Each structure stands twice: as C-alpha cells, then as structure tokens.
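J.: Return a 3D structure for these sequence lines:
(one chain, ligands or ions: 1)
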Amino acid sequence: MDLIHRKNEIILIAPIGAAADVIGGSTYHTSLGISLNRYRRTGVGLRVRRLWSRKTIMIIDEVSMVDLSALSIINTHCKIARSLDRSSLDLFGGLPIVILMGDFYQFPPVQGQALWKLPRNETDQDGKLIWSQFKQVIILHEQMRQAEDLPYRNLLTRMRAGTLTNDDMLTLNLKAISSLTNPHLQTTTAVVKLKTLRHVISRFQTERFAQAKHQRIIIFPAVHTRTRSSSPTDLTLHADDLLGLPEQGAKIPFPGLILYTLSMPTMVFWWKGCFSNQGLLFADGRGEFAPGSS
Ligand SMILES: Nc1ncnc2c1ncn2[C@@H]1O[C@H](COP(=O)(O)OP(=O)(O)OP(=O)(O)O)[C@@H](O)[C@H]1O
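T.: Predicted coordinates:
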C-alpha cells in the first residue's frame, strides 16, 4: 500500500493494546472512540471522524479475541465515524474492504462470546449476522515462525491439535526450570502465566541484582485506585508489612510495590501517555535500564 501511495487509507485495529502495538495500529476502543463500558452510548468525536474520513481498508488483527457484541459495536461506530445513517444496511460504514485476521486456536475474547460461539443476546446476534457476511476465507497452513527448527515446529503442531505424545511431554519436562538461581538464567526472559509469579520473580531478580552490585533497593508503594475490592484502599502504609504480602493482581485492597535499584534491567511500558515499570524480566515491552542516581 505504501508503494501505491495508499497507506493513509488503511486503518489497523486490534482488540487489545499489546496486539495493536505489534502491528503499529490501535485498539478499536481508541480508533472508534468506544467506551470501555461498552453499553454506554457515546457519540463519535471530531478526532474519530477525521481519522476515518479517508479510510477505505480496515484490518482487524487477532480476531479470535473479538467477541460477537464487539463486532456489532465496531460496525455501529464505523457507521457513525463515516457519517452513515445507523439504519443503513452497509456494513462498517460502507468501507470497501474489511479484513479480519487471526487464529481461533489462540486467545479467546477477554469477555463475551467468540465469533464462532452461539449468541447470548441481541447485540451478539447482530455480531453473528455480521460475522456470517465474511465469506472469503484464506487459511494459511504453513508455520513459518519456527521454520528453521523442525522438531520444535512439529511439537507445536501436535500441541495445537491436542495430540502431544509421551516423548513430547518428556522433552518439555526437560526444559522445566526448577531453580531461578541458576547463573545462566540471569539474563534470560521469563514468560509466566500469572502476574503473581511475575512479581515473585521480579522481586527475586531485583534483590539478586542489587546484592551483586552492593546497592540499596528503593521501594515505591503505589496507590491502588482501580481495585474492585470494597475494602478501604487508603490503609496506612508500612513497607515492611507490604513486603510480606503476596501480590494478588487486581484483587488486592492494598497498594502494590515497585522495587527499584540503580541500572537494573527493566521493561518500560508506554501506555496512553503514562508509563509503569513492570520490573525485571517481564515478557513484553522494550528492554531498558532503570536510570537514577545512587
Ligand atoms: N512467507 C513467509 N516466509 C518467510 N517467513 C515468514 C513468512 N510469513 C511469515 N514469516 C515469518 O514468520 C513469523 C511469524 O509471522 P507473522 O507474525 O506474520 O505470523 P502471525 O500468524 O501473524 O503470528 P501471530 O500468531 O503471533 O499473530 C515472522 O517472523 C515472519 O517474518
């Protein structure tokens, strides 16, 4: 599209920020001015109308994470953004080309029904109707990412199909890590499923790093403003007590802690104008070294 000078006509969208970042696009919430509280009716602002005025191609990536209702809401907002009457039967505001990309073996929607599931309400139903209009399908069969590691590629293919063998299990178990203190793991990236484990590893690695450099660790307690807990959030802070509490993600009624030591390797996330330090060895974002003075 760049070669034919039509790059400005494409809009790249993904259901979550991390996926949008990979393709250099934005979430559908951002690009269409959709409220996170999806059922709250919001108009489409001037910024969104301007953004959409010259678009002719919409590409939505990681479509396995788009739920039925979301597809309906995207459709409605495209109509508004492109100044089409809401009752118009033209899909997505009459955009000539809409491409959905993704893999239904990967993550399902965070909430709501996946596109292939049964609708649960009227908005889902509308989403289902829209989904059924996508009739031209291209299925890619060749796995290119691990093309140079055939045994691994074959293992992943069996894993995807749910047909792992005992040998596969043995191979995977041989890769399991039993101790974080192993020196050759010091510079590796850890991918973990739960935030709680990430915090344990981050704290452990920060302490190890600080000890090796004979440095102090400075602890920043954060004010928890987004907790869903009904418990009070303005507890008096005692860093020693907080250090003894396990991290429990969004469920905690008390502030989280950020451990900092000079020059520690870290990942910095830029997110709508603010950043958060996710600690050592986190599996996403860009690698940096924490600045500051001793
Ligand atoms: N035809 C190809 N020839 C060589 N390498 C390719 C080809 N297609 C993709 N790749 C490589 O395979 C890797 C994965 O490609 P890509 O990110 O496009 O896949 P994807 O299916 O979108 O991945 P994901 O499932 O993470 O969204 C990339 O490193 C890419 O460069």
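J.: Straight-line length of stretch 9-17, end to end?
T.: Taking Cα to Cα, to the nearest Å as the measure, stretch 9-17 stretches 21 Å from start to finish.
J.: Is it positioned near the ligand?
T.: No. With Cβ under 6 Å from any ligand atom as the criterion, the ligand is not reached by stretch 9-17; the gap is at least 9.6 Å. To be clear about C-beta, it is placed using only N, CA and C from the backbone, and glycine gets the same treatment.
J.: Can you tell me how far residue 3 is from the ligand?
T.: 18 Å (Cβ to the nearest ligand atom, to the nearest Å).
J.: what about that residue, is that helix, strand or coil?
T.: Of the three states, residue 3 takes coil according to DSSP: H, G, I helix; E, B strand; the rest coil.
J.: Over to residue 11?
T.: In three-state terms, and counting by three-state DSSP, residue 11 is strand.
J.: what's the offset of the longest helix seen in the chain from the middle of its chain?
T.: Longest among the helix segments of the chain by residue count, using DSSP state H, is helix 195-212. Relative to the mean C-alpha coordinate of its chain, helix 195-212 is positioned 23 Å out (Cα atoms, centre = their mean, to the nearest Å).
J.: distance of the residue of the chain found nearest the ligand from residue 110?
T.: Proximity to the ligand, evaluated over the chain using Cβ to the nearest ligand atom, is greatest for residue 144 at 3.5 Å. Taking Cβ to Cβ, to the nearest Å as the measure, residue 144 and residue 110 are separated by 28 Å.
J.: swap in residue 89?
T.: 30 Å.
J.: Those two - which one has more neighbours?
T.: Summary of the neighbour comparison: residue 89 and residue 110, criterion other Cβ atoms under 10 Å, with residue 110 having more neighbours (10 against 7).
J.: Quick one: residues contacting that one.
T.: Counting by Cβ atoms under 8 Å, 6 or more residues apart in numbering, residue 110 touches 15, 16, 65.
J.: go with 7 Å
T.: For residue 110, the contacting residues are residue 65, by Cβ atoms under 7 Å, 6 or more residues apart in numbering.
J.: thought residue 33 was touching residue 44?
T.: Yes. The pair formed by residue 33 and residue 44 meets the contact definition of Cβ atoms under 7 Å, at 5.0 Å.
J.: Get me the contact residues on the stretch 51-200 of the chain for the ligand.
T.: Taking Cβ under 6 Å from any ligand atom as the measure of proximity, the stretch 51-200 of the chain contacts the ligand at 103, 144, 145.
J.: cutoff 5 Å now
T.: 144, 145 (Cβ under 5 Å from any ligand atom).
J.: Show me the shaky parts of the stretch 151-294 of the chain.
T.: Low-confidence segments of the stretch 151-294 of the chain, defined by pLDDT under 70, span residues 222-256, 267-294.
J.: Please enumerate the helices of it.
T.: 166-175, 195-212, 239-243 (DSSP state H, counting those that start in this stretch).
J.: Just send the ones you listed back as a markdown table, with mean neighbour count too.
T.: Supplementary listing: the helices of the stretch 151-294 of the chain in a markdown table, determined by neighbours: other Cβ atoms under 10 Å:
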| stretch | mean neighbour count |
| --- | --- |
| helix 166-175 | 10 |
| helix 195-212 | 16 |
| helix 239-243 | 12 |
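J.: of the ones you listed, which approaches residue 126 most closely?
T.: Each of those has some distance to residue 126 by Cβ to Cβ; the shortest is helix 195-212, at 34.4 Å.
J.: Extract the CA atoms of that closest one and return them as CSV.
T.: As requested, the backbone C-alpha atoms of helix 195-212 are provided in CSV (Å, rounded to 0.1, in the frame of the first residue of the first chain):
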residue,chain,number,x,y,z
LYS,A,195,1.0,-11.9,37.5
THR,A,196,1.6,-13.2,41.0
LEU,A,197,4.5,-15.4,39.8
ARG,A,198,5.8,-12.5,37.7
HIS,A,199,6.0,-10.3,40.8
VAL,A,200,7.8,-13.0,42.8
ILE,A,201,10.4,-13.4,40.0
SER,A,202,10.8,-9.7,39.6
ARG,A,203,11.4,-9.2,43.3
PHE,A,204,13.8,-12.1,43.5
GLN,A,205,15.9,-10.8,40.5
THR,A,206,15.9,-7.2,41.8
GLU,A,207,17.3,-8.4,45.1
ARG,A,208,19.9,-10.5,43.4
PHE,A,209,20.9,-7.7,41.1
ALA,A,210,21.2,-5.2,44.0
GLN,A,211,23.2,-7.6,46.1
ALA,A,212,25.6,-8.3,43.3
